[in-house]
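Asker: everything below, folded, please.
(chains A and B)
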2 protein chains.
Amino acid sequence: MRFTSEQRFDDGVLERKFTLGEIPGILWTPGSASAPAPLILVGHPGGLPTMYPRLAARARHAAAEGFAAATIELPWSGDRPRSAAAEEARADLRRALDAGEPVDDGIVDRLVLPLVDQAVPEWRDALDALLSLPGIGGPVGYSGGVIAIGLRLAVVEPRIAAALLFAGSFVPRAMFAEARQVTIPLQVLLQWDDEGNDRQLALDLFDAFGSEEKTLHANMGGHTGVPRFEGDAANRFFARHLK
Amino acid sequence: MRFTSEQRFDDGVLERKFTLGEIPGILWTPGSASAPAPLILVGHPGGLPTMYPRLAARARHAAAEGFAAATIELPWSGDRPRSAAAEEARADLRRALDAGEPVDDGIVDRLVLPLVDQAVPEWRDALDALLSLPGIGGPVGYSGGVIAIGLRLAVVEPRIAAALLFAGSFVPRAMFAEARQVTIPLQVLLQWDDEGNDRQLALDLFDAFGSEEKTLHANMGGHTGVPRFEGDAANRFFARHLK
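Answerer: Numbering: from 1, shown residues only, chains lettered A, B, ... in the order given. A predicted model of the protein is given here:
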């Protein structure tokens, strides 16, 4: 892990960009902390340069409550090399959604399964590097982004103690069995009229999670319309489980 | 409105029992308030003597955040005269649930429609009396209890500015059209595995509400298993809309 730039904001939060091998990432740490800060992994759909303003806002909101926050670029997104197969699957999904057609399981599998298989080990490597830094401790939370990545991380990564999942992208049917293996506390966000997702599939997935504590927060509005107050609700969820 | 007893708790909250005509009720007011306190009407399934500990806990939790809270007994419940028709409908519902049978629309109509028609004018009368007291102001929130009563109040009572509804009891099909007329901000609580309710019906009802701001909070556990943290979430919802 190599830091490439840093800046400190008015609110005291320190933002450091880094690379982990060839993968770009960003780390935000609170201005003042007496003990090692619990870490929140900030998920996203891919494309750090585009997503930066929203990610930085979420991270600084979390840092204000004493959390460290970090993210890395997803495979085949942002400044990382593209994958022809991923581009093709993404185009097929876009075509189906634009045409108002039901989204074929095959498209979801081609789009999501390779992404999860590639991304999850990278996030775990990032976790190794991040948790070795001074001032950052466990336990770790995962928040938002591609829900299938959060789901797989919740199953395979024991350092993740709680996850806030955004039911805003398709989950391969094959992963519903994995959902039943999730046992950590979950808060699941659902946009009721998400134009790029299937509401019933999201409700079925919420039902499938094995966690004893799981809460669904469904709100009105489209994919990008998550209400501002859910940021506060996210902080309180992580405060309950990471502090 | 006639006060019949009062006690002050350690936390400064003043609890006053009252009667409104023949209807018993309870009013809780915060220990200290600089301005008139916004009022929350505390709903329940009927039976103040039995429900008292839970209602007092909810009311004092709200009073700690500066809200006044009040409730009145429901028709045909607690110390009020019984109705043979209501008793019969309640027994029919209990039989269907115990037998694991689908609940017939006719039973729901016989149980809920007369209750709503009788209770809602009583709560509105209570509101007149409560809002004329010194130290209690608007706007008003409605919280919990029989969801069909909250629904009707949200439609017909303009002084109610926000409602937290508990999707824990059946709503007559005929009232789904009313749900579309609700426009105030809603927070809807759903217990995912409520043994006395129909999950799909609750989701359909959430979908039907006409409010632009509506949030569904679904949690695990049975009818009485609403997690403690939802009390805090309720306070924050009312703080956003009543303060």
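
Asker: contact partners for the residue nearest the centre of chain A?
Answerer: Nearest to the mean C-alpha position of chain A, by C-alpha atoms, centre = their mean, lies A:Gly43 at 2.1 Å. Going by C-beta atoms under 8 Å, 6 or more residues apart in numbering or on different chains, A:Gly43 touches A:Thr71, A:Tyr142, A:Ser143, A:Gly144, A:Gly145, A:Val146, A:Ile149, A:Gly150, A:Phe166. In this view, the C-beta of every residue, glycine as well, is placed from N, C-alpha and C.

Asker: give me the neighbour count for the last one.
Answerer: Right, the one you point to is A:Phe166. If you count neighbours by other C-beta atoms under 10 Å in any protein chain shown, A:Phe166 ends up with 25.

Asker: please apply the same query to the fifth one.
Answerer: Other residues lying near A:Gly145 total 26 when counted by other C-beta under 10 Å.

Asker: separation between it and A:Met51?
Answerer: Plainly put, A:Gly145 is 9 Å away from A:Met51 if you go by C-beta to C-beta, to the nearest Å.

Asker: what do these two both touch?
Answerer: Once C-beta under 8 Å, 6+ apart is applied, the residues that A:Gly145 and A:Met51 both contact turn out to be A:His44, A:Pro45.

Asker: drop anything exposed from the contacts of A:Gly43.
Answerer: A:Thr71, A:Tyr142, A:Ser143, A:Gly144, A:Gly145, A:Val146, A:Ile149, A:Gly150, A:Phe166 (16 or more other C-beta atoms under 10 Å in any protein chain shown).

Asker: what segments of chain A are helices?
Answerer: Ranges of helices in chain A, per DSSP state H, are A:48-63, A:84-98, A:105-131, A:147-156, A:176-179, A:199-208, A:229-242.

Asker: name the helices or strands packed onto the third one?
Answerer: It refers to helix A:105-131. Counting contacts by 3 or more C-beta pairs under 8 Å, 6 or more residues apart in numbering or on different chains; DSSP states H and E, helix A:105-131 packs against strand A:14-20, strand A:23-29, strand A:37-43, strand A:68-72, helix A:84-98, strand A:136-144, helix A:147-156.

Asker: now mean pLDDT too, for those, in a markdown table please.
Answerer: Shown next, in a markdown table, are the helices and strands packed on helix A:105-131 (pLDDT from 0 to 100):
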| stretch | mean pLDDT |
| --- | --- |
| strand A:14-20 | 97 |
| strand A:23-29 | 98 |
| strand A:37-43 | 97 |
| strand A:68-72 | 98 |
| helix A:84-98 | 94 |
| strand A:136-144 | 93 |
| helix A:147-156 | 98 |
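
Asker: burial count for the nearest residue to A:Gln181 once chain neighbours are set aside?
Answerer: What sits nearest to A:Gln181 in space, not counting adjacent residues and going by C-beta to C-beta, 6 or more residues apart in numbering or on different chains, is A:Val155, at 5.0 Å. Using other C-beta under 10 Å, A:Val155 has 19 neighbouring residues.

Asker: what does chain A put close to chain B?
Answerer: A:192, A:203, A:206-207, A:211-220, A:227, A:229, A:232-233, A:236, A:240 (C-beta under 8 Å from any C-beta of the partner chain).

Asker: do that again at 10 Å, thanks
Answerer: A:186-188, A:190, A:192-193, A:199-200, A:203, A:206-207, A:209, A:211-221, A:227, A:229-230, A:232-233, A:236-237, A:240 (C-beta under 10 Å from any C-beta of the partner chain).
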